[in-house]
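Q: Just need the structure, nothing else, for what follows:
(one chain, ligands or ions: 1)
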Amino acid sequence: MMMLCASLGASHATRAPQRSRRTRGSGPSSLVMGRGAIARSADHPTRGPDARPAVVAPPPLRRLRVPCRAGLSVGGPTDGLPVSPAGSPPSSPRCSVETTDFLVLGSGIAGLSYALAVAEHGSVAVVTKAAADDGCTRYAQGGICAVLDPRDSVAAHVHDTMVAGAWLNCPEAVAAVCSEGPALVLGLARLGAEFTRAAVPAGRGRDGGPGGARAASASPIPPLHLTREGGHSARRVVHAADATGAEIERALLARARAHPAITFHEHRVGADLVLGELPGGGRACLGADTLDALTGRRTRFLALSTMLATGGAGQLYPVTTNPGVATGDGMAMAARAGAPLEGLEFVQFHPTALVAGEPAAADGRAFLISEAVRGEGGRLLNAAGERFMARYDAARMELAPRDVVARAIHAEMAAAGADHVLLDVRHLGRPAIEAHFPTIAARCAAMGLDMAAAPLPVAPAQHYMCGGVRAGLGGETALPGLWAAGEVASSGLHGANRLASNSLLEGLVFAARAVAPSAAHAARAAAGAAPALAELREEFLSAGRRARAAEAERAARDGPAVAAEADSAAERDAAATRRRLRALMWRCAGIVRREADMREGLEEVAALRAEADAGVAATARPGRAALELRNLAAVGEGVLRAALARRESRGGHYCVDFPEAEGAGPGAAAGERVPRGRPA
Ligand SMILES: Cc1cc2nc3c(=O)[nH]c(=O)nc-3n(C[C@H](O)[C@H](O)[C@H](O)COP(=O)(O)OP(=O)(O)OC[C@H]3O[C@@H](n4cnc5c(N)ncnc54)[C@H](O)[C@@H]3O)c2cc1C
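A: Residues are numbered from 1 along each chain as shown. Below is the predicted model:
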């Protein structure tokens, strides 16, 4: 069964191999007959019980029976415009429309786990900006939280999360994540994620040793090793050595790629959300417009429910642990579509990114030295060799929350005029270091650093956006039809700062929570969506025709070479402006902020934003750099506005002019949501 017609023949789309074989030879005519992805897969050999995703499996909702209209079944060779109409440059890309029941923007932990679960309810298009595994998830090292040790408790995890969040968290969101998380993390293991197992001493059966996840012993999953990180009062971090995210991404991706209802569209940059009117329901999100980063082709994805899982905005800063895809696109798209953002002032700076000797990654990504290194006993030393955390947080030392440690390092660096402090793990011994941190040790070794022999040079780097698109307990945003999960969202879990290893978990839990409401919304919307979708299709295709005509005219007037040069000059300008923006953000909205700097920064960033908006508006076919700049500038402006509005210091926002937290503590602020940042 299906809700809406899934289209065929998308360029750069990759599907499960079995499904491709089965659909070979089918074409638009089969869609007219209503044989979409789910209908086709009903007898698919991989859809037996064993093939079902184990991450989240809510009971299937009522299947939808929407007559498929030929007019909606576009995509592939017959849609849009001819490849090379007379008069247009042969390289000029055409545009197309794809229809799907569920659109997922992003393929990290949030997007993939949602896609796997919602695929039980209809066809799913996963649209992702680069290669499917490129995102923060893949780089996560330390682990994912789950209360699995009987000596630990959900209440303790809740408390630690609230303390790290400076009591600005949404208690319901925290309770949901901490209590629902363990089952979902074990679900990841069942799905195939190979987490590090607890050592099982002889004679102890499957219960595991200290730190082992005994709760898992009742299931077929072997006891998992649990590590500890800053801010946690217990060992509760499930990990795959020091490359947890890569393992989770691998396992999810393998399942999603094999799922017959899921289609992948890689190297597609979501540019803007598509809005339309549903009968009786008012304005709703009905998909997204995208740019193929490889060919320049524009595709409008029309969908009944859209999940925003585009991750964070680390590229807003010149020093970040985030990969190049983290440009705040989802946040900016949502804000432009009218879904408010909140909590943007709470930017988490990770205390320990590697500094010396590192060749700068092309996307400016700094290599992270995981929190788990301090969790296992790593010590921070200043230039004088002093273990300085004793002066900042004597009780928690190196395991104080990240904002505390990052500011302490910042102060030590400033006092010494140094660009780093030292992280010393020599006392752990080479065997323990290499067993627990093989990826980090290997990366350091590749740079000529032996972490078992000498302390590592480290400094803070932007790491995580605690704020984002305001989302409710089911991942719903203010815009009907739009859900948000993972780092793009502000679920209320993190409050003013994120507890280590809570973000992978947040993505997993809210993706699962969004399945039932988004499927129910799709079921309701399907009944009356056809006219709106047909209109949106026509609107997009005729805009594409106009753009091509304008391009052809420009090429005829200026010559194709001049037109192409103008386009690449626009992209180069966008890249240069991005560098200015990042420098401004580091200076004005960094680890330690000053009101005067923020005011000055806001003025400049607002001007950059206007410039970036104008740049996109002036171009019929803006490229990826221009689209990303527009988004980064919008989020940057949002960060500064929210930071200026907060007349206190709290969590990830520290302003020297207002150094105290207002009414900090459980009594004063518990229960409040993060006050909304001004929509970007
Ligand atoms: C180095 C590092 C280490 C970390 N370690 C940990 C850890 O140990 N534990 C923990 O809990 N958290 C950790 N985090 C944070 C955590 O990895 C992220 O917050 C989490 O993975 C976010 O998942 P996500 O699915 O929301 O987004 P991501 O995994 O970032 O995925 C976002 C996806 O959206 C796509 N995308 C972006 N823009 C667009 C667009 N315009 N159109 C289409 N697609 C788009 C991207 O290509 C990507 O596929 C770490 C982060 C980093 C950078």
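
Q: Is A164 in contact with G231, as I believe?
A: Yes - counting by CB atoms under 8 Å, A164 does reach G231; the two are 4.6 Å apart. Bear in mind the C-beta positions are built from the backbone N, C-alpha and C, glycine included.

Q: Neighbour count for the two, which is higher?
A: When neighbours are counted by other CB atoms under 10 Å, A164 and G231 differ, and A164 comes out ahead with 29 against 25.

Q: Can you tell me the closest non-neighbouring residue to the more buried one?
A: L499 (3.9 Å; CB to CB, 6 or more residues apart in numbering).

Q: how far away is the one you found from the ligand?
A: Here L499 is placed at a distance of 9 Å from the ligand (CB to the nearest ligand atom, to the nearest Å).

Q: which residues do A164 and G231 both contact?
A: P401, R402, L499, A500 (CB atoms under 8 Å, 6 or more residues apart in numbering).

Q: So what's the predicted local confidence for the residue nearest to A164?
A: If you check L499, the pLDDT there is 93.

Q: tell me which element it falls in.
A: Under DSSP states H and E, no helix or strand contains L499.

Q: Surely it touches S233?
A: No - counting by CB under 8 Å, S233 is not a contact partner of L499; they are 10.5 Å apart.

Q: The two: which has the busier surroundings?
A: Set L499 next to S233 and count neighbours by other CB under 10 Å: L499 wins out with 27 against 14.

Q: Could I get the contacting residues of the more buried one?
A: So L499 contacts C145, D160, T161, A164, G165, G231, H232, P401 (CB under 8 Å, 6+ apart).

Q: how much space between the nearest residue to E628 once chain neighbours are set aside and T299?
A: Take E628 and drop its neighbours on the chain: the residue closest to it by CB to CB, 6+ apart is T327, 4.2 Å away. Using CB to CB, to the nearest Å, one gets 19 Å for the distance from T327 to T299.

Q: Ok, G448 next?
A: Taking CB to CB as the measure, G448 falls 45 Å from T299.

Q: Could you tell me how many residues sit around E603?
A: E603: 12 surrounding residues under other CB under 10 Å.

Q: now V616
A: 18.

Q: quick one: contacts for the residue minimising distance to the centre of the chain?
A: What sits nearest the mean C-alpha location of the chain, by CA atoms, centre = their mean, is G311, with 1.8 Å. G311 is in contact with 106, 108, 110, 135-137, 322, 325-326, 330, 486-488, counting by CB under 8 Å, 6+ apart.

Q: restrict those residues to those near the ligand?
A: Contacts with the ligand are made by G106, G108, A110, G135, C136, T137, N322, V325, A326, G486, E487, V488 out of the contacts of G311, judged by CB under 6 Å from any ligand atom.

Q: export the residues you listed to a markdown table and tack on secondary structure?
A: Formatted as a markdown table, the ones next to the ligand among the contacts of G311 follow (DSSP: H, G, I helix; E, B strand; the rest coil):
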| residue | secondary structure |
| --- | --- |
| G106 | coil |
| G108 | coil |
| A110 | helix |
| G135 | coil |
| C136 | helix |
| T137 | helix |
| N322 | coil |
| V325 | coil |
| A326 | coil |
| G486 | helix |
| E487 | helix |
| V488 | helix |
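
Q: tell me which of the contacts of L499 is nearest to the ligand?
A: Proximity of the contacts of L499 to the ligand (CB to the nearest ligand atom) peaks at C145, which lies at 7.1 Å.

Q: Name the nearest residue to that closest one, ignoring sequence neighbours.
A: In space, C145 is closest to S501, 4.6 Å off (CB to CB, 6+ apart).

Q: Contact partners for that neighbour?
A: Counting by CB under 8 Å, 6+ apart, S501 touches G142, G143, I144, C145, E229, H232, V237, E371.

Q: Now list the buried members of these.
A: Buried members of these, counted by 16 or more other CB atoms under 10 Å: G142, G143, I144, C145, E229, H232, V237, E371.

Q: near the ligand, which of the residues you listed show up?
A: G142, G143, I144.

Q: number of nearby residues for the residue of the stretch 51-200 of the chain found nearest the ligand?
A: As assessed by CB to the nearest ligand atom, the ligand sits closest to G108 within the stretch 51-200 of the chain, at 2.1 Å. Using other CB under 10 Å, G108 is surrounded by 35 other residues.

Q: these two touch, right, it and G507?
A: Yes - G108 is in contact with G507 according to CB under 8 Å; the separation is 6.7 Å.

Q: returning to what we had before: from the ones next to the ligand among the buried ones among the contacts of S501, which land in strands?
A: The strands, defined by DSSP state E, take in I144 from these.

Q: Out of the ones next to the ligand among the buried ones among the contacts of S501, which comes closest to R250?
A: Of all these, R250 sits closest to I144, with 14.1 Å by CB to CB.

Q: Tell me who's in contact with that closest one.
A: Going by CB under 8 Å, 6+ apart, I144 touches V185, L188, V237, V238, H239, T244, I248, S501, L504, L505, L508.

Q: Return the set of residues that bridge with it.
A: Listed by DSSP bridges, the beta-bridge partners for I144 are V238.

Q: Nearest to the ligand: which residue in the stretch 451-600 of the chain?
A: Distances between the stretch 451-600 of the chain and the ligand by CB to the nearest ligand atom are smallest at G486, namely 2.2 Å.

Q: how is the protein carved up into domains?
A: Annotated domains of the chain cover 139-245, 348-460, 548-669 [automatic domain parsing].
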